[in-house]
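Chemist: Structure, please.
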Amino acid sequence: MEVDTQHYDDIIIGGGKAGKTLAPALVADGRKTALVERSLNMIGGGCINIACIPTKTMVASANVANTVRKSAAYGVKTNTPSVNLAEVIQRKRSVVQSAREMNLHNLETALDNNLIIGEARFVAPKTIEVTTTEGNNRLLTAERLFINTGTRPLIPSVPGLTEVEFLTSESIMELEYLPEHLIVLGSGYIGLEFAQMFRRFGCGVTVIGQNEQILSQQDPDIAIAVQTLLEQDGIEFLLKAKVLRVDRTGNETILQIQVGDREITLQGSHLLVAVGRAPNTDSLNLAAAGVATDTRGFIQVSDYLETNIPGIWALGDINGGPQYTHISVDDYRIIKANLIDGGNRSTGDRLVPSCLFIDPELAHVGLTETEAQQQGYTIRVAKVDASAVPRARTLGQTDGLLKAIVDTDTGRILGCFLLCHEAGEVISTVQMVMQAQMPYTVLRDGILTHPTMTEGLNIGLIFDF
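Modeler: Numbering: from 1, shown residues only. Predicted coordinates:
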């Protein structure tokens, strides 16, 4: 078979947030650039197709159902909500399709005929072979390559699991009928978002976690507060649990679980596996390029995102850093600053916010209380219930808490947790103060609009030492 060979200045493998943003910037810099994406259905990357955008679209539907269910508390009488999951899924598909089409248009405009749909694999350090969706093989070479292939659901090694039907964070968003009882294996961000979503759709939900607490990387008081809220929704938890075996009988999935020193049997109609993400590196043949990975398969990079092979970089989730879209776009900024703008930007000391999109949201930036203590800081911890914020009371959204960790010596905020309504928005205000290295008193003493959730940062509550 004849192989088409073409040379580029730059090749991007994978069009996630970093890759799709970098491509037009490289073209504008006069670089002949190709972007290889494995499927038209993944144009724009994981965020808009299988992660952030579709999940938050479905979370919105779940929260509407919950609002209707609780409307009598606001003096509004309605019927009990009836959730049509097929229509929820169709709404999700419409939102995703719109975003995908916009991204496709932008990439085709920027790259002309150099958006290539197919599977890429290295055959040499600066050479890849692409098997296109039409079945053709193309050999592409470049001076610089950028790997941005993302991750997929991690499937754990559990006896019987591969022999039964189970759901992942991707396939569950195509389910068009409501499970009677959803078992969620995993108590991290992905598992908890789907757990509350489907509970609010009206399903029975049980969450299985292997650690002593959910959200194992967070402070215990935060994890307990989140679990309490989810239990109030009717979600059940099994923690310090190990799944010994999975079977399927009729319409039931059966799990044998060890909890402490006892073994129990749990039955459910559906099983969602949400224990983490695996890197999409196994099909890249990285060995041919000499690119090093860690024991989990994530590509190892420097603070400047360059691999051990000069001229090859890895961006986004694939490099083993925090798996957030906003980190992927910051990876793009690092590459643009250093390769296009003549700067010297790195991943060192960047402040990473996150948000768990349950209701109320859990937003976090900076160190946990435990991390601050381990790093030797002398700290003060400010904490207040969300019910103390006037705006929360007007909205009837009084569940949760606000917590900040402050360096006693400098007055600077080391970290902040917000478990409250609109936490994902409010945390940005805290982050700006932290990035400017200003003391917490800037928030405590500043004039903020009343009544807002942000006002909770300065009405003498969260920083009331």
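Chemist: Give me the domain ranges for this structure.
Modeler: Annotated domains of the chain cover 4-153+278-340, 161-275, 360-457 [automatic domain parsing].
Chemist: Could you export these as a markdown table, including distance to L351?
Modeler: For the C-beta atoms, the positions are set from N, CA and C on the backbone; glycine is no exception. As requested, those are exported to a markdown table (distance: least, CB to CB, whole Å):
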| stretch | distance to L351 |
| --- | --- |
| domain 4-153+278-340 | 10 |
| domain 161-275 | 17 |
| domain 360-457 | 6 |
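Chemist: Could you say which helix or strand holds the closest residue to K17 other than its chain neighbours?
Modeler: With CB to CB, 6 or more residues apart in numbering as the criterion, K17 has its nearest non-adjacent residue at 3.9 Å, and that residue is S328. Element membership for S328, per DSSP states H and E: helix 325-335.
Chemist: which parts of that helix are buried?
Modeler: T325, I327, S328, V329, D330, D331, Y332, R333, I334, I335 (16 or more other CB atoms under 10 Å).
Chemist: I'd assumed F146 was in a helix, is it?
Modeler: No - counting by DSSP: H, G, I helix; E, B strand; the rest coil, F146 falls outside a helix, being strand.
Chemist: State the pLDDT value of it.
Modeler: Predicted confidence (pLDDT) for F146: 98.
Chemist: Next: N458.
Modeler: 86.
Chemist: Numbering from 274 from now on, please.
Modeler: In the new numbering, first residue 274, that becomes N731.
Chemist: which element follows the longest helix seen in the chain toward the C-terminus?
Modeler: Identified as the longest helix of the chain according to DSSP state H is helix 358-384. Going down the chain from helix 358-384, the next helix or strand is strand 388-397, by DSSP H and E.
Chemist: Tell me which other helices or strands that following strand touches.
Modeler: On a contact count with 3 or more CB pairs under 8 Å, 6 or more residues apart in numbering; DSSP states H and E, strand 388-397 meets strand 306-310, strand 400-405, strand 410-420.
Chemist: Neighbouring strands of it in the sheet, and parallel or not?
Modeler: Here strand 388-397 is paired, per DSSP bridges, with strand 306-310 (parallel), strand 400-405 (antiparallel).
Chemist: Identify the residue spatially nearest to I585, adjacent ones excluded.
Modeler: Once flanking residues are discounted, I585 sits nearest to L418: 4.9 Å by CB to CB, 6+ apart.
Chemist: do T725 as well
Modeler: Distances taken as CB to CB, 6+ apart place R664 nearest to T725, at 5.4 Å, with adjacent residues excluded.
Chemist: Now do the same for the one you found: its pLDDT.
Modeler: With respect to pLDDT, R664 has a value of 96.
Chemist: how far does the helix or strand containing it sit from the chain's center?
Modeler: When secondary structure is defined by DSSP H and E, R664 falls within helix 663-668. Relative to its chain's centre, helix 663-668 lies at 29 Å (CA atoms, centre = their mean, to the nearest Å).
Chemist: quick one: terminal-to-terminal distance for stretch 583-597?
Modeler: 26 Å (CA to CA, to the nearest Å).
Chemist: same question but for stretch 681-700, I mixed them up
Modeler: End-to-end distance for stretch 681-700: 21 Å, by CA to CA.
Chemist: buried ones in it?
Modeler: So, applying 16+ other CB under 10 Å, buried residues of stretch 681-700: 685-697, 699-700.
Chemist: same check, this time on stretch 720-732
Modeler: P724, M726, T727, E728, G729, L730, N731, I732.
Chemist: what's the spacing between stretch 311-327 and its chain's center?
Modeler: Computed by CA atoms, centre = their mean, the chain-centroid distance of stretch 311-327 equals 13 Å.
Chemist: so what's A645 up against?
Modeler: Applying CB atoms under 8 Å, 6 or more residues apart in numbering to A645 gives the contacts I652, I678, D680, L687, G688.
Chemist: how near is D672 to S489?
Modeler: Plainly put, D672 is 22 Å away from S489 if you go by CB to CB, to the nearest Å.
Chemist: which one of the two has more residues nearby?
Modeler: Shown here are D672 and S489; by other CB atoms under 10 Å, D672 has more neighbours (18 against 14).
Chemist: okay, and for the protein, where does confidence drop off?
Modeler: 274-277, 732-738 (pLDDT under 70).
Chemist: so what's G318 up against?
Modeler: G287, G288, G289, K290, G292, K293, N421, G423, G589, S601.
Chemist: Helices of the stretch 424-573 of the chain, start to end?
Modeler: Remark: helices assigned in the stretch 424-573 of the chain by DSSP state H, counting those that start in this stretch are 462-473, 493-505.
Chemist: tell me what the first one is packed against?
Modeler: Which is helix 462-473. Helix 462-473 packs on helix 325-342, strand 454-458, strand 477-481, helix 493-505, strand 626-629, going by 3+ CB pairs under 8 Å, 6+ apart.
Chemist: and the last one, what other elements does it pack with?
Modeler: In other words, strand 626-629. Counting by 3+ CB pairs under 8 Å, 6+ apart, strand 626-629 packs on helix 462-473, strand 634-639, helix 696-708.
Chemist: again with the fourth one
Modeler: Under the contact definition 3+ CB pairs under 8 Å, 6+ apart, helix 493-505 sits against helix 462-473, strand 509-511, strand 634-639, strand 674-680, strand 686-693.
Chemist: surely the residue nearest to I585 meets D282?
Modeler: No - with contact defined as CB atoms under 8 Å, L418 does not count as touching D282 (10.5 Å).
Chemist: Tell me which of the two has more neighbours.
Modeler: L418 (28 against 15).
Chemist: Pull the contacting residues for the nearest residue to T714 once chain neighbours are set aside.
Modeler: The shortest distance from T714 to any residue other than its chain neighbours is 6.4 Å, reached at G684 (CB to CB, 6+ apart). Contacts for G684 were tallied using CB under 8 Å, 6+ apart; they are P712, Y713, T714.
Chemist: What about those, which one has the most neighbours?
Modeler: Scoring the contacts of G684 on neighbours with other CB under 10 Å, the highest-scoring entry is Y713 at 27 neighbours.
Chemist: so that residue touches V679, yeah?
Modeler: Yes - contact between Y713 and V679 holds when scored by CB under 8 Å: they sit 5.2 Å apart.
Chemist: May I have stretch 301-315 as PDB, with CA atoms only?
Modeler: Provided in PDB are the C-alpha atoms of stretch 301-315 (Å, rounded to 0.1, in the frame of the first residue of the first chain):
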ATOM      1  CA  ALA A 301      -1.000  32.500  13.100                       C
ATOM      2  CA  ASP A 302       2.700  32.400  13.900                       C
ATOM      3  CA  GLY A 303       3.400  31.200  10.400                       C
ATOM      4  CA  ARG A 304       3.800  27.500  11.300                       C
ATOM      5  CA  LYS A 305       2.600  24.800   8.900                       C
ATOM      6  CA  THR A 306       0.500  22.800  11.400                       C
ATOM      7  CA  ALA A 307      -1.600  19.600  11.400                       C
ATOM      8  CA  LEU A 308      -4.000  18.500  14.000                       C
ATOM      9  CA  VAL A 309      -4.800  14.700  14.200                       C
ATOM     10  CA  GLU A 310      -8.100  13.800  16.000                       C
ATOM     11  CA  ARG A 311      -9.200  10.200  16.100                       C
ATOM     12  CA  SER A 312     -12.900  10.800  15.500                       C
ATOM     13  CA  LEU A 313     -15.200  13.500  14.300                       C
ATOM     14  CA  ASN A 314     -17.300  12.700  17.400                       C
ATOM     15  CA  MET A 315     -14.300  13.900  19.600                       C
END
